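Engineer: Structure of the sequence below:
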Amino acid sequence: MKKPFLVLYVFLLFPALLLAQLRDESGYKYAKQISPEHLKELLYILAADDMEGRETAMPGQKKAADFIAKYYAQAGIPGHKSTAKGNEVYFQTVPLVKESMKDCRIVVGSKTFSFIKDFYRFPGYMPEKVSLSQLAFVGYGQDNESYSDYKGMDVTGKTVMVVMNDPIFNEGKKAAANQRVSQEYKQKRSIAQSKGAAAVVFINTSYDYYISRIKLFLEQERITLDKKTEVENSDVIPTVFVSPGVANKLLKRGKKKPFEKYLKKSKKTGQPQSFYFGIQDGEILLNKSLTSTSSENILAYIEGSDPVLKNELVVVTGHYDHIGVANGEINNGADDDASGTVCTMTLAAMMQKAKSEGFGPKRSVLIINFTGEEKGLLGSEWYTDFPVFPLENTNCNLNIDMVGRHDAEHEGLPEYIYIIGSDFLSTELHDMSLKVRESYSDLAYDYRYNSPSEPNRFYYRSDHYNFAKNGIPSIFYFSGVHEDYHKPTDTAEKINYEKLAKVARLVFMTAWHAANADKKFAVDVEEPK
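Structural biologist: A predicted model of the protein is given here:
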């Protein structure tokens, strides 16, 4: 009778034994010094109005960069290199190009249609003009075995006009169609391009609704990395979107009926109603202005204590940029991502304190505060393309973005954190992450977004992704989207600073154990689930 009892006792005790082996009081005493009060002090500065929303390449972002770098200097943390005079260099310059699309118009004879009011295009490489002298109306732009708007049509070298709706959408499903409009056009454009079309003019039947959602984006200058200026989207044919009114005026100029009549006949007969036409005195002018500028990633480096392992790195990241000023209102970005930024800052200070007191981790720890995340993960893309330290020496990336609030799914239960990507490349990183939580934290791990195919695509929407796509095991720490996301109401007083401290301590201990592990995390997952 005693033997089964003993076996059961050992079985129950086994996880605790594993956790006891993981427990590291020498590191935890520094993690515990990360306080809600200090995080709050830093965050109120970063999310203040005088930072002007920290928009990339704008004065507020530069001011925030200086504040973060001075914090590292005052904490005694080196930069990623030193000058000949011994001064620390904290900045990695990120060269950028600003693109303005405002000088775009459609000209037909003496008539001019204006950008945003009458038509729009998305930024990226495009030629300066698209001729309307050879046009082809191809209805819904469908091409399959049962129905093809391209049947009997040769659109090689021509500009095709396509309706964005699908014929399967009836009146009762238009709302659903509207929600999918931005994804729908790309497939239709690919079909047109495969048929040899030179350009696509989409008729957006929900033009007013859609333009209200993207107007602010279209009015702003687009920022891209300088290395991509004239090649991005160069393999995609020019694409513009016109309102129904403009489409019918173009058709009338080409001596054709309003497009609705052709759609009605197509629905009635089940046959495509495609045809050629042209506007000899018509063209779409896609002028753009390009201006060179730059921004800064901020790097703080705590060198490891082990003579061999110090060449390997644990990289902890969080972006410090936000979306700036819109409609005269400052978007302070307290949660997005001043919350993650102050976590990285205090984590770095405690790592440096441990090192200065003789308890520094074996591997080196690199803290990077990225710029340009809100513009398309630009800072992290630049770093991973032009790393200061070899990427192959990076053990893992721990990325902190929006961790100071809770979402609607956790109303009344804010003590959680979403974990995304921990098991996508390395089961060893995932297992260690679990043990760290069990050993040091009472935050619950929520894995509901831990899939590359989940609808929100959070895995692809923060800076860890640029490490992960380069084969570096990564974890994205995230609290979810709330009602103040990307709004002026994302302010410092709404942050849960007790929770924020718990997140910072959790990531500190995860970085601590990753930096002291016997070996690098194996990349042992071929394809994320």
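
Engineer: Angles on the backbone of the residue nearest to the spatial centre of the chain, please.
Structural biologist: The centroid of the chain falls nearest to residue 461 when counting by C-alpha atoms, centre = their mean (3.2 Å). Per-residue torsions, residue 461: phi -110, psi 10 (degrees, to the nearest 10).

Engineer: how about the helices in the protein?
Structural biologist: In the chain, the helices defined using DSSP state H lie at 2-22, 25-31, 36-46, 59-74, 174-179, 181-194, 207-219, 244-253, 259-269, 339-356, 378-385, 427-440, 464-468, 497-516.

Engineer: Kindly reformat those helices as JSON lines and extend each row with mean pLDDT, mean neighbour count and distance to residue 82.
Structural biologist: All C-beta spots, glycine's among them, are computed from the backbone N, C-alpha and C. Below are the helices of the chain laid out as JSON lines (pLDDT from 0 to 100; neighbours: other C-beta atoms under 10 Å; distance: least, C-beta to C-beta, whole Å):
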{"stretch": "helix 2-22", "mean pLDDT": "38", "mean neighbour count": "10", "distance to residue 82": "36"}
{"stretch": "helix 25-31", "mean pLDDT": "92", "mean neighbour count": "17", "distance to residue 82": "25"}
{"stretch": "helix 36-46", "mean pLDDT": "98", "mean neighbour count": "18", "distance to residue 82": "25"}
{"stretch": "helix 59-74", "mean pLDDT": "98", "mean neighbour count": "18", "distance to residue 82": "12"}
{"stretch": "helix 174-179", "mean pLDDT": "36", "mean neighbour count": "13", "distance to residue 82": "53"}
{"stretch": "helix 181-194", "mean pLDDT": "79", "mean neighbour count": "16", "distance to residue 82": "47"}
{"stretch": "helix 207-219", "mean pLDDT": "86", "mean neighbour count": "14", "distance to residue 82": "41"}
{"stretch": "helix 244-253", "mean pLDDT": "96", "mean neighbour count": "19", "distance to residue 82": "59"}
{"stretch": "helix 259-269", "mean pLDDT": "91", "mean neighbour count": "15", "distance to residue 82": "65"}
{"stretch": "helix 339-356", "mean pLDDT": "98", "mean neighbour count": "26", "distance to residue 82": "16"}
{"stretch": "helix 378-385", "mean pLDDT": "97", "mean neighbour count": "23", "distance to residue 82": "19"}
{"stretch": "helix 427-440", "mean pLDDT": "97", "mean neighbour count": "20", "distance to residue 82": "32"}
{"stretch": "helix 464-468", "mean pLDDT": "98", "mean neighbour count": "25", "distance to residue 82": "25"}
{"stretch": "helix 497-516", "mean pLDDT": "98", "mean neighbour count": "24", "distance to residue 82": "22"}
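
Engineer: Among the ones you listed, which comes closest to residue 119?
Structural biologist: Of all the helices of the chain, helix 244-253 sits nearest to residue 119, with 6.0 Å by C-beta to C-beta.

Engineer: Kindly calculate the angle that that closest one makes with helix 207-219.
Structural biologist: 100 degrees (axes from the mean of the first three to the mean of the last three C-alpha atoms, to 10 degrees).

Engineer: how distant is helix 244-253 from the center of its chain?
Structural biologist: Its chain's C-alpha centre and that of helix 244-253 lie 37 Å apart, by C-alpha atoms, centre = their mean, to the nearest Å.

Engineer: So which elements touch it?
Structural biologist: Using 3 or more C-beta pairs under 8 Å, 6 or more residues apart in numbering; DSSP states H and E, the elements in contact with helix 244-253 are strand 104-108, strand 111-114, strand 159-163, strand 199-203, helix 259-269.
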